[in-house]
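Asks: How does the following fold in three dimensions:
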Amino acid sequence: MAADESGGAAGDATPRCRNPRLHQQHDRAHRGTVHGPYIASKAAGEAFAESIGLEVTQFGIDTIIMVPGAFTQGTQHFAHTTAPAEPAVVAQYGDLAAAVAEIPARLEAIDIAHQGHTADVSSVGDALVDVLGQPRGSRPRRVIVDAQHKGVEDIEAIRTERQRAFFTALGIDRLIDLPDRP
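Replies: Numbering: from 1, shown residues only. Down below sits the predicted model:
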C-alpha cells in the first residue's frame, strides 16, 4: 500500500507518526496513566453538561446529569486501569500502586456493608428510567447513584442552594427552573 500525507497507508483513516521514536515516546507517556485524565474528563463533561443545561432551560428543555458512583459489577472500568509501564515511575509513587490495586475489593466491601450486595452499573439505568417518569419541571438537574454513600448528595444540596442564591443575586435565576408552558 502507498503511504498518504499523514504517514498512514492510503485509504487508512488512522494517522501515523512520521517519526517512530516520537510515536514510541508518546505511547510511553500515555501508557499507565490511571485516574488523572479519567477524572479530569468526567469533571469537564459535567461542567459542559451543566452549562448547556442552564442555557437551554429558558427554552423549556429539561436536562438531567447522571452522576454515577464507582461500580465493580457490570463494567470493565477497573480491568482497564494499569500501572505505569516504566519501573522508575512506579518507584516514585511508593506503595500507592498497591493501594490503588485494592480499590475494587474495598469498593465491593463498602457496597456490601451498605446494601448487602455489590453495586451494579444497571442501577444507573434504573435511576434514569425513574427520573424520566417524573413530570416535566419536577425532575432534579442531577441524579446521583452512589452505592458507597460518600456524601455526594449532601454536597449537591449545598451546591444547588448556593447556586440558586447567587443566580438570584445576579438576576438570572430563571436559568435554573423550567418556565411554565403556555
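Asks: Now stretch 60-78: buried residues?
Replies: Judged by neighbour count using 16 or more other C-beta atoms under 10 Å, the buried positions of stretch 60-78 are 62-64, 67-73. For glycine as for every other residue, the C-beta is placed from the backbone atoms N, C-alpha and C.
Asks: Which residue ranges of this structure form strands?
Replies: Counting by DSSP state E, the chain has strands at residues 65-68, 142-145.
Asks: Format those as JSON lines; extra columns: mean pLDDT.
Replies: Supplementary listing: the strands of the chain in JSON lines, determined by pLDDT from 0 to 100:
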{"stretch": "strand 65-68", "mean pLDDT": "92"}
{"stretch": "strand 142-145", "mean pLDDT": "94"}
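Asks: rewinding a little: what's the farthest-apart pair in the buried residues of stretch 60-78?
Replies: 62 and 72 (31.7 Å; C-beta to C-beta).
Asks: what's the closest of the buried residues of stretch 60-78 to residue 137?
Replies: residue 62 (6.9 Å).
Asks: which helix in the protein runs the most residues?
Replies: helix 36-57 (DSSP state H).
Asks: Quick one: list the elements packing against that helix.
Replies: Here helix 36-57 touches strand 65-68, going by 3 or more C-beta pairs under 8 Å, 6 or more residues apart in numbering; DSSP states H and E.
Asks: Which strands and helices lie in contact with the strand it packs on?
Replies: Short answer (3+ C-beta pairs under 8 Å, 6+ apart): strand 65-68 packs on helix 36-57, helix 122-132, strand 142-145.
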